[in-house]
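*Asks:* Got a predicted structure plus its sequence, pasted below:
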Amino acid sequence: LDWTFSVIEQPASASEAAASDRVVMYQRLVPAFPLEVQQATFGPFNAAEPIKLPVSPPALALTDRHGKVRGGLSVTVQSSLAAGLPGVMDWFEAYPYTCLEQLSSRSMGRRNQADWDALMQRLLTYLDEDGLAAYFPGGTGSVTLTAYLLSISEQARDLGWLFEIPAEARQRMSDSLLAFVQGRLERDEWSPYPDEAWRKIIAMEALSRLGLFQPEMFDS
């Protein structure tokens, strides 16, 4: 809502100039009880067989001033589960977290090339002295996070998306994973159980996407 408040002076005589002032205010109205998804389901659609799904309003559903239940049903039909996913897109749009993994996942999940490119311009500030990517600039690098970034970038390349990691950062990150897999770099990460072997397998998987895997890496 746009509000305009105006005031005009009432002069004592017609010969006097009238003073005036005006203030403009903007007000945003949001629902006191926003609509939320309470239950959802999906399944295959076959035109030859009708789909029957009994539905009813929740027992404590809110009503408007006319006694009508608020909310309703939303039905969507699409040819593939990968064709839309609007709920996932809405979730990414509202995603508030800001570590490197979360920013990269949000950029790629929203297919936002500008956000990805801006993040990649400062990627070197996230790499530690060994070349591993940290969750925040200046932090200790993570083998798992480094492998994740390289893997999703290569997966995007296979899909024809241009979510690339800059050459310098990509080289440092792959070198660090090679050093870790070959036993030349040791890095402990918090885990409820010993997971070095799993992290090495994760690193090997990322290196395989870059064409850098060698069978003898399993010796470590």
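*Replies:* Good, I have the coordinates.
*Asks:* Worst mean pLDDT across the helices and strands of the protein, which element?
*Replies:* In the chain, the helix or strand scored least confidently by mean pLDDT, DSSP states H and E is helix 86-93, which has a mean of 84.
*Asks:* Count residues in the vicinity of the residue nearest to P137 when sequence neighbours are not counted, would you?
*Replies:* Spatial nearest neighbour of P137, excluding adjacent residues (Cβ to Cβ, 6 or more residues apart in numbering): T125 at 4.3 Å. Any C-beta I mention is one placed from the backbone N, CA and C, and that applies to glycine too. Neighbourhood size, T125 [other Cβ atoms under 10 Å]: 12.
*Asks:* change the start of the numbering to 59 and stick with it
*Replies:* Fine by me, first position is 59 from now on; the one you just mentioned is T183.
*Asks:* what number of residues lie near the closest residue to G167 other than its chain neighbours?
*Replies:* Excluding the flanking residues, the one nearest G167 by Cβ to Cβ, 6+ apart is F150, at 4.4 Å. Neighbour count of F150, defined by other Cβ under 10 Å: 17.
*Asks:* what's the answer for L236, then?
*Replies:* 20.
*Asks:* Quick check: next helix or strand after the helix or strand it falls within?
*Replies:* Element membership for L236, per DSSP states H and E: helix 225-239. Using DSSP H and E, the helix or strand that follows helix 225-239 in sequence is helix 254-267.
*Asks:* right, and L220 touches A172 too?
*Replies:* No: using Cβ atoms under 8 Å, L220 makes no contact with A172, being 11.3 Å away.
*Asks:* what's the average pLDDT for stretch 122-130?
*Replies:* Regarding stretch 122-130, the rounded mean pLDDT is 89.
*Asks:* Tell me which residues are up against that stretch.
*Replies:* F91, L93, Q96, P115, A119, L120, T121 (Cβ atoms under 8 Å, 6 or more residues apart in numbering).
*Asks:* Which secondary structure elements does the least confident helix or strand of the chain sit against?
*Replies:* helix 158-167 (3 or more Cβ pairs under 8 Å, 6 or more residues apart in numbering; DSSP states H and E).
*Asks:* and the helix it packs on with helix 144-151, angle?
*Replies:* Compare the direction of helix 158-167 with that of helix 144-151 by axes from the mean of the first three to the mean of the last three Cα atoms, to 10 degrees and you get 140 degrees.
*Asks:* List the buried residues in helix 158-167.
*Replies:* Under the neighbour-count criterion of 16 or more other Cβ atoms under 10 Å, helix 158-167 has L158, E159, L161, S162, S163, R164, S165, M166 buried.
*Asks:* how about the helix or strand that that helix is followed by: buried residues?
*Replies:* Under the assignment DSSP H and E, the closest C-terminal helix or strand after helix 158-167 is helix 171-179. Buried positions in helix 171-179, judged by neighbour count with 16+ other Cβ under 10 Å: W174, L177, M178.
*Asks:* Just put those residues in TSV and tack on distance to G145.
*Replies:* TSV is the format used below for these (distance: Cβ to Cβ, whole Å):
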residue	distance to G145
W174	22
L177	24
M178	28
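*Asks:* Output those as CSV; include the columns pLDDT.
*Replies:* Output for the buried residues of helix 171-179, formatted as CSV (pLDDT from 0 to 100):
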residue, pLDDT
W174, 96
L177, 96
M178, 97
